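Student: Everything below, folded, please.
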Amino acid sequence: MHIPEYYNPVAREIAQALIDGFNRHYRLFSECNHQARQMFEAGNWQGIQQAIRDRIQFYDDRVAETVQRLHGEFHADLLDDEIWQQAKLYYIGLLTNHKQPELAETFFNSVFTRILHRDYFNNDFIFLRPAISTEYIESDPPAYRSYYPRNGRLRQVMRQIVADFGWQRPFANLSRDLGWILRAVHAHLQEKWPQEEASFQIQVLASAFYRNKTAYIFGKVVNGSLVYPFAVPVLHDAEGRLYLDTILLEPWRIGVLFSFSRAYFLVDMEVPSAYVQFLRSMLPTKTKAELYTMLGLQKQGKNIFYRDFIHHLKHSYDDFIIAPGIRGLVMLVFTLPSYPYVFKLIKDVFGGPKEVDRATVKTKYQLVKRHDRVGRMADTLEFSNVAFPKHRFTQALLQELREQAASSLEETEDTVVIKHLYIERRMKPLNLYMQTASPEEKAEAVRDYGCAIKDLASANIFPGDMLFKNFGVTRYGRVIFYDYDEIEYMTDCNFRRIPEAPNPEMEMSGEVWYPIARNDVFPEEFGTFLLGDPAVRKVFMQHHHDLLDPVFWQQKQQRIRDGYIDDFYPYPEEMRFCRRYAGRA
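Tutor: Predicted structure coming up:
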């Protein structure tokens with residue numbers, strides 16, 4: 001960066017306006033997270049879901065306010081380069097003792113890129129690389145608490161861990177739950193359990209993580225060089241008393257709680273980087289981008305994701321290609337084989353009888369980001385003006401982009417800039433998965449496909465296009481929905497039974513003899529386009545025949561309208577203490 005010989009007072013004022021905008025954002029963000037404990041204690045599940053939805057918009061609102069202030073007070077689009085460079089230097093100075101410097105740097109980038117052209121998107125003007133270290137930032141109170149279960153006091157220490165969260169609602173039977181925790185831990189660790197209790201420490205993140213109807217305790221047992229992570233979900237029983245539902249001890253199972261198919265957590269934290277660092281020590285396979293995103297800091301997650309992506313491009317040489325599978329009618333999808341994500345952009349012209357437009361598709365994707373994904377819908381990262389190296393695109397992909405999405409492209413000799421893009425975790429399309437799956441794997445996929453549709457229905461989502469090609473299979477074998485251009489709220493649909501034909505000739509003609517409104521859905525028709533394979537039909541009818549009956553859907557609608565929120569456990573039912581230790585004290 002060029003260091004100017006003099007400093008302009010306008011640059012200082014711009015830096016202050018930027019940090020004011022960020023600080024207001026994080027204050028509102030923190031207030032929302034702080035309220036989560038009260039809502040959890042009150043059993044205000046709708047409030048928790050609404051808070052998660054509302055919070056997503058906080059960042060963009062504060063960015064827009066700050067952009068408007070810079071235009072109104074400083075005529076930002078007329079400022080020369082040196083003032084912007086000085087503003088960045090002043091801004092760095094304001095972050096020296098800041099508790100969230102990495103988030104503030106990202107906020108600076110978000111505002112700057114709304115004002116100036118992408119030619120300025122380099123480290124002289126924005127934070128292409130972090131300027132402030134997030135290591136060893138102190139918070140008050142500390143990000144995690146430490147416990148020492150000496151002299152056989154492990155059960156007492158565990159009781160204290162729970163008490164320190166300060167929940168005012170009573171537990172149904174905490175002594176019983178702690179006994180089950182100890183039993184599960186000993187069974188899992190067996191001979192690995194520390195023989196000398198004085199030699200190990202238990203570290204627990206100070207804030208619970210709230211989502212849906214659950215509060216999660218995250219921590220780890222540290223025994224010398226060995227680390228044993230754990231997560232404990234806390235729920236309400238039918239009488240509103242609290243109980244510990246299970247304990248998760250395998251890192252991959254804990255990692256599932258941070259899956260891209262889940263809603264973001266509400267976490268009251270002064271120093272987010274300390275939480276991310278702690279979680280990474282528990283879950284080393286999770287990236288910082290994933291963890292920031294799941295903490296509700298999705299813009300920071302996007303920023304780190306993009307840095308990681310650029311790094312990957314510089315250290316790989318394979319080409320971007322058209323994604324395998326049946327081509328979509330609305331989205332053009334491509335991928336990089338060495339990178340576990342797909343890139344999706346909206347076509348200029350939609351194929352087939354699609355009754356949506358570009359604005360509607362964007363609205364549907366935004367709906368999914370704001371909605372509770374209940375482990376059945378893939379989250380997406382939305383980007384604007386992403387520059388790709390042109391020489392890494394195959395000719396087939398370039399041709400398809402030019403033919404089907406020309407309005408979204410800007411080409412130079414060396415780059416392809418995509419104006420609007422969604423990036424999503426790559427999964428194997430369910431239709432392709434079933435072509436090569438064993439009979440047992442295929443049967444399980446069909447069963448879980450039906451479970452996915454039922455989970456979505458309980459969460460007030462009707463997929464619309466239920467073809468297998470619109471669902472994917474994760475590395476853990478879970479079926480996830482990822483095509484959103486036809487989704488609707490369940491409560492906006494009219495599930496009907498097909499009326500009886502007035503005469504046999506009419507029924508045999510293939511012509512529709514009854515009126516159909518836009519949001520009418522006839523579940524009896526699902527079998528026609530889903531169950532042509534006899535093996536698929538057999539499994540589907542065994543487990544999910546009710547999906548072909550409009551009564552199932554109407555009952556789901558009624559539950560939603562009555563305000564009932566179903567339970568969704570991001571771990572197997574058999575792991576729950578009420579199942580595992582049923583009938584045993």
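
Student: can you list the domains in the chain?
Tutor: Segmentation of the chain into domains, based on automatic domain parsing, reads 9-120, 144-302, 316-426, 430-561.

Student: Quick check: which of those domains is nearest to Asp308?
Tutor: domain 144-302 (6.2 Å; Cβ to Cβ). C-betas here are computed from N, CA, C, even on glycine.

Student: Start and end of the closest one, how far apart?
Tutor: Taking Cα to Cα, to the nearest Å, the first and last residues of domain 144-302 lie 26 Å apart.

Student: Could you do stretch 471-478 as well?
Tutor: 10 Å.

Student: hey, where'd the strands end up in the stretch 401-550 of the chain?
Tutor: Applying DSSP state E, counting those that start in this stretch to the stretch 401-550 of the chain gives strands spanning 409-411, 415-425, 428-429, 461-462, 471-473, 479-481, 488-489, 494-495, 520-521.

Student: likewise the stretch 251-400 of the chain?
Tutor: Using DSSP E, counting those that start in this stretch, strands in the stretch 251-400 of the chain cover 321-322, 331-335, 341-346, 380-389.

Student: So for Ser407, which of those sits nearest?
Tutor: strand 341-346 (9.2 Å).

Student: What residue, apart from its backbone neighbours, is nearest Asp549 spatially?
Tutor: Residue nearest to Asp549 in three dimensions, not counting chain neighbours: Pro523, with 6.2 Å by Cβ to Cβ, 6 or more residues apart in numbering.

Student: Spit out the contact partners of that neighbour.
Tutor: By Cβ atoms under 8 Å, 6 or more residues apart in numbering, Pro523 lies in contact with 495, 547-550, 552-553.

Student: export the residues you listed to a markdown table and tack on pLDDT and neighbour count?
Tutor: Compiled in a markdown table, those are given as follows (pLDDT from 0 to 100; neighbours: other Cβ atoms under 10 Å):
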| residue | pLDDT | neighbour count |
| --- | --- | --- |
| Phe495 | 95 | 20 |
| Leu547 | 96 | 20 |
| Leu548 | 95 | 17 |
| Asp549 | 95 | 14 |
| Pro550 | 95 | 16 |
| Phe552 | 96 | 17 |
| Trp553 | 96 | 20 |
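
Student: so which of those comes closest to Arg62?
Tutor: Looking across those and measuring by Cβ to Cβ, the closest to Arg62 is Trp553, at 40.0 Å.

Student: Please report how far the closest one lies from Lys314.
Tutor: Trp553 is 50 Å from Lys314, where distance means Cβ to Cβ, to the nearest Å.

Student: any chance of the strands of the stretch 251-400 of the chain in a markdown table, with mean neighbour count, mean pLDDT and distance to Arg153 too?
Tutor: Compiled in a markdown table, these are given as follows (neighbours: other Cβ atoms under 10 Å; pLDDT from 0 to 100; distance: least, Cβ to Cβ, whole Å):
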| stretch | mean neighbour count | mean pLDDT | distance to Arg153 |
| --- | --- | --- | --- |
| strand 321-322 | 16 | 96 | 59 |
| strand 331-335 | 21 | 95 | 53 |
| strand 341-346 | 21 | 95 | 47 |
| strand 380-389 | 16 | 92 | 46 |
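
Student: Looking at those strands, which is nearest to Pro130?
Tutor: strand 380-389 (19.3 Å).

Student: Touching the closest one from outside, list them.
Tutor: Contacts for strand 380-389 (Cβ under 8 Å, 6+ apart): 118, 298, 301-302, 305-306, 313, 320, 344, 365, 368-369, 414-424.

Student: Please check those and keep the buried ones.
Tutor: The neighbour count (16 or more other Cβ atoms under 10 Å) marks 298, 301-302, 305-306, 313, 320, 344, 365, 368-369, 416-418, 420-424 as buried among the contacts of strand 380-389.

Student: What is the least confident helix or strand in the chain?
Tutor: The weakest-scoring helix or strand in the chain, judged by mean pLDDT, DSSP states H and E, is helix 504-509 (a mean of 66).

Student: what's the first-to-last distance across stretch 260-270?
Tutor: Stretch 260-270 end-to-end distance (Cα to Cα) = 24 Å.

Student: Ser139 and Asp379, how far apart?
Tutor: Where Asp379 is concerned, Ser139 sits at a distance of 28 Å (Cβ to Cβ).

Student: For my notes, please list the domains of the chain in TSV and give distance to Glu574 for each entry.
Tutor: Shown next, in TSV, are those (distance: least, Cβ to Cβ, whole Å):
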stretch	distance to Glu574
domain 9-120	24
domain 144-302	10
domain 316-426	17
domain 430-561	15
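
Student: do you know which of those domains lies nearest Arg580?
Tutor: Nearest to Arg580, of the domains of the chain and by Cβ to Cβ, is domain 144-302 at 7.5 Å.

Student: how distant is the closest one from the center of its chain?
Tutor: 20 Å (Cα atoms, centre = their mean, to the nearest Å).

Student: before we move on, the earlier item: and the residue nearest to Asp549, what's its pLDDT?
Tutor: Note for Pro523: predicted pLDDT of 94.

Student: I'd like to know the average pLDDT value across stretch 60-73.
Tutor: Rounded mean pLDDT across stretch 60-73 is 95.

Student: Now it: buried residues?
Tutor: For stretch 60-73, a neighbour-count test (16+ other Cβ under 10 Å) marks 62-63, 66-67, 69-70 as buried.

Student: next one: stretch 132-151
Tutor: 132, 134, 137, 139, 143-145, 147, 149.
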